[in-house]
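Novice: I'll drop the sequence and a predicted model, then ask my questions.
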Amino acid sequence: MDHENKPVISVITPAYNSERFIKTTIQSVLDQTYQNWEMVIVDDQSKDNTVRYVKEMQEKDNRIRLIELEENSGSAVARNTALENAQGRYIAFLDSDDSWMPEKLEQQLAFMQERDIAFSFTSYVRTLEDGVVTDYVSKTPRKVDWDALMKRCVIGCLTVMLDTQKTGPVRMVNIRTRQDYALWLELTRRGFKAHGLKKVLAKYRVVGGSISSNKLKAAKRNWYLFRHIESLSLLKTLWYFGHYAVIAVKDLIKFKIVINRGSGKVNSNHQ
């Protein structure tokens, strides 16, 4: 890429009690082959050493920016605060317990520029809480529109990149969870198809609680999202929720099979 094609990418990272993983997350950004980025970390009143660790990493690199909220407000407020303070044309999302492969930003930006697209996401692999990489890869379809996304959210927040020159400024709905999913639905409803880059460029860490419990909570949140954020009729909500529920159960079974079988590394170019 020449200099004109090296725009700033703002990395949006909400953090809360993330002392165990935040250094790994930040290091994965420092290790990017694409270096024209800023990382906007918003701490949501952590009670542990998160802020101290972020400040330690800031001493290594002034592209890391830290904003501390005055009161605990939830991840939507944290993400929106980061978005309001972001200075880059491109926005990428990375939660404080996840991480990226070194080529993530470079390959995804090239993918978007070559195709002149506004909204992209990539495949990702799940890791266990201790960082062990499993064989469970969430693969991307080539494109996703609103209807497909309503049936299944195949977009991992940690993989998304947006071109705000095309989308305009973005904000997330102020709900405690699933605000990222609500944003993807808003963008696709506005006509921006999500384009999938079929490479594993991110690692999603499965942290805390049972997968079954997490799926049940997600189901309740999706129902709320369909009814109250998307404002669907009861009939349409039942239609889309039925698709979601069947796929969620299949995913749960598949993940448990992978875990029981044992974990194994995957190649970052896994298709």
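Specialist: Right, received. Where do you want to start? Numbering: from 1, shown residues only.
Novice: How far off centre is stretch 190-201?
Specialist: Averaging C-alpha positions (C-alpha atoms, centre = their mean, to the nearest Å) puts stretch 190-201 12 Å from its chain's average.
Novice: Same check on stretch 81-90?
Specialist: 15 Å.
Novice: where do the strands sit along the stretch 101-250 of the chain?
Specialist: 119-127, 133-138, 143-144, 161-163, 194-205 (DSSP state E, counting those that start in this stretch).
Novice: Ok, which of the ones you listed comes nearest Ala219?
Specialist: strand 133-138 (17.9 Å; C-beta to C-beta). Placement of C-beta: from N, CA and C, glycine included.
Novice: the inter-axis angle of that closest one versus strand 194-205?
Specialist: Note on geometry: by axes from the mean of the first three to the mean of the last three C-alpha atoms, to 10 degrees, strand 133-138 and strand 194-205 are set 160 degrees apart in direction.
Novice: Which neighbouring elements make contact with strand 133-138?
Specialist: strand 119-127, strand 194-205, helix 234-261 (3 or more C-beta pairs under 8 Å, 6 or more residues apart in numbering; DSSP states H and E).
Novice: Dump the strands of the stretch 101-250 of the chain into a markdown table; add mean neighbour count, mean pLDDT and distance to Val29 as well.
Specialist: A markdown table is the format used below for the strands of the stretch 101-250 of the chain (neighbours: other C-beta atoms under 10 Å; pLDDT from 0 to 100; distance: least, C-beta to C-beta, whole Å):
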| stretch | mean neighbour count | mean pLDDT | distance to Val29 |
| --- | --- | --- | --- |
| strand 119-127 | 24 | 96 | 15 |
| strand 133-138 | 18 | 89 | 19 |
| strand 143-144 | 18 | 96 | 26 |
| strand 161-163 | 24 | 98 | 13 |
| strand 194-205 | 22 | 97 | 12 |
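Novice: hmm, back to that, so which of the helices and strands packed on strand 133-138 is nearest Ser75?
Specialist: Using C-beta to C-beta, those put strand 194-205 closest to Ser75, at 15.3 Å.
Novice: Parallel or antiparallel, which strands does the closest one pair with?
Specialist: Strand pairing for strand 194-205, using DSSP bridges, gives strand 99-100 (antiparallel), strand 119-127 (parallel), strand 143-144 (antiparallel).
Novice: how about the helices and strands packed on strand 133-138 in TSV, adding distance to Glu103?
Specialist: Shown next, in TSV, are the helices and strands packed on strand 133-138 (distance: least, C-beta to C-beta, whole Å):
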stretch	distance to Glu103
strand 119-127	10
strand 194-205	7
helix 234-261	25
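Novice: Nearest approach to Leu83 belongs to which of the ones you listed?
Specialist: Using C-beta to C-beta, those put strand 119-127 closest to Leu83, at 15.0 Å.
Novice: CA atoms only for the closest one - export them in PDB, please.
Specialist: In PDB, the C-alpha atoms belonging to strand 119-127 read as follows (Å, rounded to 0.1, in the frame of the first residue of the first chain):
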ATOM      1  CA  PHE A 119     -18.600  -3.600   6.200                       C
ATOM      2  CA  SER A 120     -16.500  -6.700   6.500                       C
ATOM      3  CA  PHE A 121     -15.800  -9.500   8.900                       C
ATOM      4  CA  THR A 122     -13.600 -12.600   9.100                       C
ATOM      5  CA  SER A 123     -13.500 -16.200  10.300                       C
ATOM      6  CA  TYR A 124     -12.300 -16.800  13.800                       C
ATOM      7  CA  VAL A 125     -11.300 -19.600  16.000                       C
ATOM      8  CA  ARG A 126     -12.500 -20.200  19.600                       C
ATOM      9  CA  THR A 127     -10.000 -20.700  22.400                       C
END
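Novice: what about Pro102, distance to Tyr240?
Specialist: The gap separating Pro102 from Tyr240 is 37 Å, by C-beta to C-beta, to the nearest Å.
Novice: scratch that, Asn36 is what I was asking about
Specialist: Applying C-beta to C-beta to Asn36 and Tyr240 gives a distance of 39 Å.
Novice: before we move on, what about Pro14?
Specialist: In terms of C-beta to C-beta, Pro14 sits 27 Å off from Tyr240.
Novice: Those two: which has the busier surroundings?
Specialist: Using other C-beta atoms under 10 Å as the criterion, Pro14 and Tyr240 rank with Pro14 on top: 25 against 19.
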